[in-house]
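**Student:** structure, please.
(chains A, B, C, D, E and F)
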There are 4 protein chains.
Amino acid sequence: MSGLKKRSRGATVGVAPAETRRIGRPRNEETRKVILATTLKLLESETLQSISIEGIAREAGVSKATIYRWWSSKASIVLDAFMEHHLVRTPMRHDLPPAEALVDHIAALIDSYSGWAGRIVAQIIAEGQSDAALLREFRERFQYGRRAAVREVLESWRQQGGIPAHVDLELLTEVLYGPIYARLLLGSAALHRDFADQLASLVFSMFGLDNASGRRP
Amino acid sequence: MSGLKKRSRGATVGVAPAETRRIGRPRNEETRKVILATTLKLLESETLQSISIEGIAREAGVSKATIYRWWSSKASIVLDAFMEHHLVRTPMRHDLPPAEALVDHIAALIDSYSGWAGRIVAQIIAEGQSDAALLREFRERFQYGRRAAVREVLESWRQQGGIPAHVDLELLTEVLYGPIYARLLLGSAALHRDFADQLASLVFSMFGLDNASGRRP
Amino acid sequence: MSGLKKRSRGATVGVAPAETRRIGRPRNEETRKVILATTLKLLESETLQSISIEGIAREAGVSKATIYRWWSSKASIVLDAFMEHHLVRTPMRHDLPPAEALVDHIAALIDSYSGWAGRIVAQIIAEGQSDAALLREFRERFQYGRRAAVREVLESWRQQGGIPAHVDLELLTEVLYGPIYARLLLGSAALHRDFADQLASLVFSMFGLDNASGRRP
Amino acid sequence: MSGLKKRSRGATVGVAPAETRRIGRPRNEETRKVILATTLKLLESETLQSISIEGIAREAGVSKATIYRWWSSKASIVLDAFMEHHLVRTPMRHDLPPAEALVDHIAALIDSYSGWAGRIVAQIIAEGQSDAALLREFRERFQYGRRAAVREVLESWRQQGGIPAHVDLELLTEVLYGPIYARLLLGSAALHRDFADQLASLVFSMFGLDNASGRRP
DNA sequence: AGTTAATCGAGACGGTACGTCTAGTCTTATT
DNA sequence: AATAAGACTAGACGTACCGTCTCGATTAACT
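**Tutor:** Take a look at the predicted model:
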């Protein structure tokens, strides 16, 4: 449940709080918040690499030990902070036909990644290259839900006859997401809105579908 | 000319040596080699992040100042070392039909990235997230030539009627490369040989082409 | 009363206990014992300097706050522990002639200080250099009684004609004890049994007394 | 050679400098001095225990690493600083008769130890209780010369017939010094000038000597 | 039986220092 | 010049304790 230091506390997401107050001085929720907020604030002007746990502690008016007690690395703080304060909103609309919902979703993702959020995600992934646990956590917290939603839409699209039976939907998802992450990380080209349309167009045209509707003409 | 420190020396690649011997003790070629070799050796057991210029100097029996004189960061040393000692060989075969040449090329790339080379490339890109110059250099030295070759093959394939006119070849290239880099950097799935086939299959099937030959049935 | 935190409990030295049981949960005697025992156990393998209140609490399975409630420093815990569990036995024998009783006593002291007890005493004195209260307490609890006993013996020896009238007995005590503490703390020479004999011999000879009996020949 | 970190530099005390300038940036003598001076300054208002290497570095405007490169502990810095800036002057006068020279010397020592120098010496010895190397170094640098000088005087005094042949001079030295260090470290009584006279008186009287001259009446 | 006062454990917290490490820069000597 | 050796500042690293604090649970004596 995040790159948090292992704490037996439990409290899995969604589960009823149960309020099993444990003995000992309780954790100060305010402290947790100020750490995450400070981290985000620092990230507005600095690189993940350039900020330090020392700096976060100093800026947040918090002891280093407190940070180390709860997080294992600065990247996992960022992960938490990012999830909490800036939860990327790239919903999958269920009121649109599959093709449109998909384009809408991808466009939102690209839009989000084209700015500040993209820089942060890129840096988390970068840190993940030398921190396997972080990378896994990133996948689980950022991608798991999203991928499932995309998968669902693709399924329903297929049922409407839009996608041939032999196409591997998982692979298709990778083909859609891959180029976006590649641009994000390699900086080979900017992440503009048009890129969403281009990507979709390509896929649509590949299936011989109409651009706008995703339906066979 | 790499992430080398700016040196007025010049000597652009390919220009005749001219042997403009300058005053003073000449640069020791041996030193340059031992630095690059040591760097690669260290990369076999350590992360790019975990190695330090201090460590390279120590291990190579070389002064830190000497390294700083010629390179601007450890990542640029790695770039040089990687290019020199391990030049990735993912040639584009011209004796095969376009579809096959493409699959062959992609398979070679995936194969290369599935091992040690992949880890290094991933780490260079990671470093590149906080070092724009490095990232640009990586693109220029690693991708420029490759992309051009792919482009060429795609063009000839189109001329043979394999790719519809409305498909943007540049975009198609991104769709082919993107998922590979995404897997490399996100670690969402392993880079196995089959992935090359799957990718190609998808693209082929998208154009309604035959799997094996890339020709319309 | 030891380096105990000031507690209104009272019980001034000598005053009748009166058993003024106060309201509230009474102090847990078990806890007190386990803290002292643990401290001694730790001192067997570690330096006073190297052990920490945190460590004592951890090892004793006791809350840090509990320790802080009753003692003001780790050295005062050691003082208590040392007094309680290892009360140094360097009695003054009253069945021997003064000279012999004295040598016996000094020999016992040296013997005691030559081992584990010596290391602890030395470390308490060391701590005392930056904790005046501790040093005073050490003097009161360790030396007060002993010095008085020595004084008594010296008096009776003088009455038997062994010590000239002009000799300051207090000073003589210092001359006997001083070299022992100096060796203990400076480590200039080992604290062997012979040292007791040498010391006594010197003093005896100074007064022109016979070595064995302390009587004038 | 002090608690200095082992450095192959050599330059044993007294040996001609030889000026074997070695390669590399030479040590900055200014830095060394400012560290020692700062340390002494801090010791005027703080305990050895309470000062920290961190604090010395901060106050001296010097990097911690520089301190750690040359000294192994704060106590060894103090030892150096004390030797350098405050070399205790307790000379042995050779123009006086042995008895007087001895009293003079002891009085000077007591005088010196009764103030600031005494506090520092006490604290070095205290630190030495958990740092054997430091204690040894203290003995060598502070006591070696002094003891030899005292020994010499005692020898000449004996030759003049003042000290009986059977008295162990080494032991006599301990009897003279011991009570001083005991008072210094136990704080049982103040180190006043009179103590020198009292000590001498006792010793003189022990040998049946005249107080003033150290000669038999 | 309920109140009150204290003890005690668990553990969070802001601090401070530890000793190590690396980045870069600088100084000197050597080639 | 270029290189080597190494001193130096600056500052982060992650750990360990410090002494204080909050909390819940416990334990008696006193209502």
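
**Student:** name the SS class of whichever residue of chain A sits closest to chain C, please.
**Tutor:** As assessed by CB to the nearest CB, chain C sits closest to A:Gly24 within chain A, at 9.8 Å. All C-beta atoms are positioned from the backbone trio N, CA, C, and that covers glycine. At A:Gly24, secondary structure determined by DSSP: H, G, I helix; E, B strand; the rest coil is coil.

**Student:** distance of it from A:Ser201?
**Tutor:** When CB to CB, to the nearest Å is the yardstick, A:Gly24 and A:Ser201 sit 59 Å from each other.

**Student:** who has more neighbours out of those two?
**Tutor:** Ranked by neighbour count (other CB atoms under 10 Å in any protein chain shown), A:Gly24 and A:Ser201 place A:Ser201 first, with 18 against 7.

**Student:** for that one, give me the pLDDT.
**Tutor:** For A:Ser201, the model assigns a pLDDT of 82.

**Student:** what about it, which helix or strand?
**Tutor:** Using DSSP states H and E, A:Ser201 falls within helix A:193-206.

**Student:** and the contacts of that helix?
**Tutor:** A:99, A:102-103, A:106-107, A:109-111, A:172, A:175-176, A:179-180, A:183, A:189, A:210-211, A:214, B:164, B:166-168, B:171-172, B:175, B:203, B:206-207 (CB atoms under 8 Å, 6 or more residues apart in numbering or on different chains).

**Student:** quick check: PyMOL command selecting the buried ones in the residues you listed.
**Tutor:** In PyMOL, a selection of the buried entries from the contacts of helix A:193-206 looks like this (16 or more other CB atoms under 10 Å in any protein chain shown):
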select buried, (chain A and resi 99+102+103+106+107+109+110+111+172+175+176+179+180+183+214) or (chain B and resi 167+171+172+175+203+206+207)
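
**Student:** in helices, which of the contacts of helix A:193-206 fall?
**Tutor:** Here DSSP state H is the test, and those give A:99, A:102-103, A:106-107, A:109-111, A:172, A:175-176, A:179-180, A:183, B:171-172, B:175, B:203, B:206 as lying in helices.

**Student:** what's the distance between the most centrally placed residue in chain A and B:Asp80?
**Tutor:** In chain A, the C-alpha nearest the mean C-alpha coordinate belongs to A:Phe142, at 3.2 Å (CA atoms, centre = their mean). Distance of A:Phe142 to B:Asp80, given as CB to CB: 34 Å.

**Student:** domain parsing for chain A?
**Tutor:** A:29-84, A:98-206 (automatic domain parsing).

**Student:** any idea which of those domains scores lowest on pLDDT?
**Tutor:** Between the domains of chain A, the lowest average pLDDT goes to domain A:98-206, which shows a mean of 90.

**Student:** distance from the chain centre to that domain, please.
**Tutor:** When C-alpha coordinates are averaged (CA atoms, centre = their mean, to the nearest Å), domain A:98-206 and its chain have centres 10 Å apart.

**Student:** that domain close to DNA strand F?
**Tutor:** No: against DNA strand F, domain A:98-206 shows no contacts by CB under 7 Å from any atom of the strand, the least distance being 10.1 Å.

**Student:** try stretch A:22-41
**Tutor:** Yes: applying CB under 7 Å from any atom of the strand, one finds stretch A:22-41 touching DNA strand F at A:Ile23, A:Gly24, A:Arg25, A:Pro26.

**Student:** give me the neighbour count for the third one.
**Tutor:** What it means is A:Arg25. 5.

**Student:** got it, and the last one?
**Tutor:** For A:Pro26, the tally of surrounding residues (other CB under 10 Å) stands at 8.

**Student:** how close does it get to chain D?
**Tutor:** With the distance defined as CB to the nearest CB, to the nearest Å, A:Pro26 ends up 33 Å from chain D.

**Student:** tell me the phi and psi of that residue?
**Tutor:** In terms of degrees, to the nearest 10, the main-chain angles of A:Pro26 are phi -70, psi 160.

**Student:** likewise for the first one?
**Tutor:** In terms of degrees, to the nearest 10, the main-chain angles of A:Ile23 are phi -70, psi 160.

**Student:** how close does it get to C:Ser63?
**Tutor:** 11 Å.

**Student:** more neighbours: which of these two?
**Tutor:** For the pair A:Ile23 and C:Ser63, the greater number of neighbours falls to C:Ser63 (12 against 5), based on other CB under 10 Å.

**Student:** now that one: closest residue in space that isn't a chain neighbour?
**Tutor:** In space, and not counting its chain neighbours, C:Ser63 is closest to C:Ala57: 6.4 Å by CB to CB, 6 or more residues apart in numbering or on different chains.
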